[in-house]
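A.B. asks: Quick one: sequence plus predicted model below, questions after.
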Amino acid sequence: GLPERVTIWEVGARDGLQNESAVVPVEVKLEFLDRLAAAGLGVLEATSFVHPKWVPQLADAEDLLARLTRAEGVSYPVLVPNERGLDRALAAGVRHIAVFGSATESFAKRNLNRTLDEQFAMFEPVVARARAEGLDVRAYVSMCFGDQWEGPVPPAQVAAVGRRLMEMGCSQLSLGDTIGVATPGLVESVIGAVNAAGVPTSRVAVHFHDTYGQALSNTLAALRLGVTTVDSSAGGLGGCPYAESATGNLATEDLVWMLDGLGVETGVDLDKLADTSAWMAERLGRPSPSRVVRALRG
Ligand code: HMG
Ligand code: MG
């Protein structure tokens, strides 16, 4: 069976824009977020409080949140890697954060400048303090379905990382296919391993990148297992021609088209969303890679 309703966790403003070579002006980001809220998206990942040298595209996080008009009923989570990031997020009035771990040593080193064990030591005080402040904390795990440097990643290794993060007090576990190599059978294996490690499917979200065109099939496999939160990026933002690992997320339009067809509720107005992505594509100076956006607005 399929869920009646799916929550779309829109990551375009964060995962999308962090990978665009163009630095998008804060005014454009603000209009983007306003339009996404008006299109009916209820979770808008807004930005990251990471080191500005690591991700210059999101160096305007403070400015963005200070000027953001928060729409009623919409949550605006942000990425936070460490206590310095949490300080900044709290000062900006954030109520919902996400820590982001890696399933592999190679990516922990490259993304966080930490070993696998050190990443947990970095997140532990962040989650504890955030929870004490009444914040909701999501945990991402990257490279759940394969790693650019290590190749296949054992599902049990993903599950062990996910379990440790959930034991810290995170409320949701987003399984990331950072390089977009997953296929539906592997999705079943990884979710099965995560369940076996004690994390129920009700707490699992999926985060697919569409590098090999498998993101929708993988999403459907996850939905059939009972997953009800799916990450996606408006217009499939985030494609970078230079890095295999930075291909765009599943496009929100492609996801909504499929869910509309299946009769699964999302609350999203596909027309308004496609308008938004067509508008954003103009700002970025390149067409949206989303098949649905091209079909509707091409
Ligand atoms: P580090 O260099 O090891 O940091 O980076 P450090 O702790 O040694 O500190 C060095 C300096 O940075 C210090 O300043 C800190 O204050 C400063 P100094 O004392 O030398 O003047 N600093 C900061 N400044 C601002 N904000 C901060 C911060 N932290 C330290 N938060 C660090 C470690 C984690 C900070 C760095 O590696 C980093 O920022 N990484 C973020 C990388 C990132 O954002 N990647 C993309 C998101 S993950 C993703 O996209 C995957 C996902 O989509 C799921 C999927 O697809 O798989 C989520
Ligand atoms: Mg991602």
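C.D. replies: Arrived safely, thanks for sending. Ligands and ions are numbered 1, 2, ... in the order given.
A.B. asks: where do the strands sit along the chain?
C.D. replies: Secondary structure of the chain (DSSP state E): strands located at 7-10, 43-44, 47-48, 78-79, 96-102, 136-142, 172-177, 204-208, 229-232.
A.B. asks: what mean pLDDT would you report for the third one?
C.D. replies: Right, strand 47-48. The pLDDT scores in strand 47-48 average 98.
A.B. asks: go on, the second one?
C.D. replies: Averaged across strand 43-44, pLDDT comes to 99.
A.B. asks: What of the last one?
C.D. replies: Mean pLDDT, computed over strand 229-232, is 98.
A.B. asks: And the contacts of that strand?
C.D. replies: Here strand 229-232 makes contact (CB atoms under 8 Å, 6 or more residues apart in numbering) with 6-11, 15, 172, 174, 204-208, 219, 222-223, 249-252, 254-255. For every residue, glycine as well, the C-beta is placed using N, CA and C.
A.B. asks: pLDDT score assigned to whichever residue of the chain sits closest to ligand 1?
C.D. replies: Nearest residue of the chain to ligand 1: Gly176, at 2.5 Å (CB to the nearest ligand atom). Per-residue pLDDT puts Gly176 at 97.
A.B. asks: correct me, but it touches Arg138?
C.D. replies: No. At 11.4 Å, Gly176 does not count as touching Arg138 under the criterion of CB atoms under 8 Å.
A.B. asks: What's the biggest helix in this structure, counting residues?
C.D. replies: Across the chain, the longest stretch assigned as helix under DSSP state H is helix 116-132.
A.B. asks: List only buried entries from the contacts of strand 229-232.
C.D. replies: Using 16 or more other CB atoms under 10 Å as the burial test, these include 6-11, 15, 172, 174, 204-208, 219, 222-223, 249-252, 254-255 as buried.
A.B. asks: ok, which of the residues you listed also contact ligand 1?
C.D. replies: Residues of those in contact with ligand 1 (CB under 6 Å from any ligand atom): Asp15, His207.
A.B. asks: Just the buried positions in the longest helix of the chain, please.
C.D. replies: Leu116, Gln119, Phe120, Met122, Phe123, Glu124, Val126, Val127, Ala130.
A.B. asks: go on, stretch 69-82?
C.D. replies: So, applying 16+ other CB under 10 Å, buried residues of stretch 69-82: Ala71, Val74, Tyr76, Pro77, Val78, Leu79, Val80, Pro81, Asn82.
A.B. asks: What lies in contact with it?
C.D. replies: Here stretch 69-82 has contacts from 14, 30, 33-34, 37-38, 41-50, 61, 65, 68, 85-86, 89, 92, 94-100, 112, 122-123, 126, 130, 136, 138, 140, using CB under 8 Å, 6+ apart.
A.B. asks: now do stretch 113-123
C.D. replies: Outside stretch 113-123, the residues within contact range by CB under 8 Å, 6+ apart are 81-82, 99, 101-102, 104-105, 108-109, 112, 139, 161, 164-165, 168.
A.B. asks: How about stretch 254-274?
C.D. replies: Residues from elsewhere that reach stretch 254-274 (CB under 8 Å, 6+ apart): 2-8, 35-36, 38-42, 210, 215-216, 219-220, 223, 230, 232, 234, 236, 252-253, 290-293, 296-297.
A.B. asks: 6 Å instead, please
C.D. replies: 2, 5-6, 8, 39-41, 216, 232, 253, 290, 292-293, 296-297 (CB atoms under 6 Å, 6 or more residues apart in numbering).
A.B. asks: same question, stretch 23-35
C.D. replies: Looking at what lies outside stretch 23-35 - CB under 6 Å, 6+ apart - the contacts are Ala13, Leu17, Leu44, Gln57, Asp60, Asp63, Leu64, Arg67, Thr276, Met280, Arg283.
A.B. asks: I'd like those residues written out as JSON lines, with neighbour count and distance to ligand 1 added.
C.D. replies: Listed next are these as JSON lines, based on neighbours: other CB atoms under 10 Å; distance: CB to the nearest ligand atom, whole Å:
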{"residue": "Ala13", "neighbour count": "27", "distance to ligand 1": "12"}
{"residue": "Leu17", "neighbour count": "25", "distance to ligand 1": "11"}
{"residue": "Leu44", "neighbour count": "25", "distance to ligand 1": "15"}
{"residue": "Gln57", "neighbour count": "19", "distance to ligand 1": "10"}
{"residue": "Asp60", "neighbour count": "18", "distance to ligand 1": "13"}
{"residue": "Asp63", "neighbour count": "14", "distance to ligand 1": "14"}
{"residue": "Leu64", "neighbour count": "21", "distance to ligand 1": "14"}
{"residue": "Arg67", "neighbour count": "12", "distance to ligand 1": "19"}
{"residue": "Thr276", "neighbour count": "25", "distance to ligand 1": "20"}
{"residue": "Met280", "neighbour count": "26", "distance to ligand 1": "18"}
{"residue": "Arg283", "neighbour count": "15", "distance to ligand 1": "21"}
